[in-house]
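1. Sequence plus the predicted model coming up.
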Amino acid sequence: MLLKEVYNFFNISDKIVSGNYTEEEYSVYIQSVIEPIAKAMSYEFTLKLLTPNQRKNGEKIVFSSINNQLGNISSKAKFLEAMAKTGTLTINESRELIGKPGVKDGDVLRVSLNYVNHELVDEYQLKNQDKVLTDGKDTKEPKDEKDK
């Protein structure tokens, strides 16, 4: 009974305490319990430890739980792969999320060439519609009789 009251007071479940939680339960716990505490601490530390001039210049102290929000290593890998492919994160930003130091030239955004602007797809396809692949070489197919 007392244990349940303590869990309720701290908004924590038996599954979280015992480590028998699903990834979804863990994510909800981080977002609903840890993240609000981290935000409050960021605000208070910034207010109490930085001068008004530092705060005016945009400096702040930030506590982040992003590393915990990403869940297990498999989820982190999938997340980082998706963010890298779409150019959302640089290599160094990805490395920072897993606690690794940055690397030389790691601050450049890179994207996969497999993605194209949807507005350019039709233009690209129409531009290349008259090409025919023959014997491993691109050749132009005649458009009408006078081109033969």
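-> Alright, I've got the coordinates. Every value quoted in this text rests on a predicted model; they were computed, and no experiment measured them. Numbers count the residues shown, from 1 in each chain.
2. Next up, phi/psi of Leu49, please.
-> With angles defined as degrees, to the nearest 10, Leu49 sits at phi -100, psi -20.
3. need the contact list for the nearest residue to it once chain neighbours are set aside.
-> Once flanking residues are discounted, Leu49 sits nearest to Ile61: 6.4 Å by CB to CB, 6 or more residues apart in numbering. C-beta: built from backbone N, CA, C; applies to glycine. Residues near Ile61 by CB atoms under 8 Å, 6 or more residues apart in numbering: 42, 45-46, 49-50.
4. show me where pLDDT drops low in this protein?
-> 65-72, 113, 115-118, 121, 124-125, 128-148 (pLDDT under 70).
5. how about the strands of it, start to end?
-> 131-134, 137-140 (DSSP state E).
6. that older thread, separation between the residue nearest to Leu49 and Ile30?
-> Taking CB to CB, to the nearest Å as the measure, Ile61 falls 20 Å from Ile30.
7. what do you get for Thr86?
-> Relative to Ile30, Thr86 is positioned 24 Å away (CB to CB).
8. These two: which is more packed in?
-> Taking other CB atoms under 10 Å, Thr86 and Ile30 do not tie; Ile30 has more neighbours (19 against 12).
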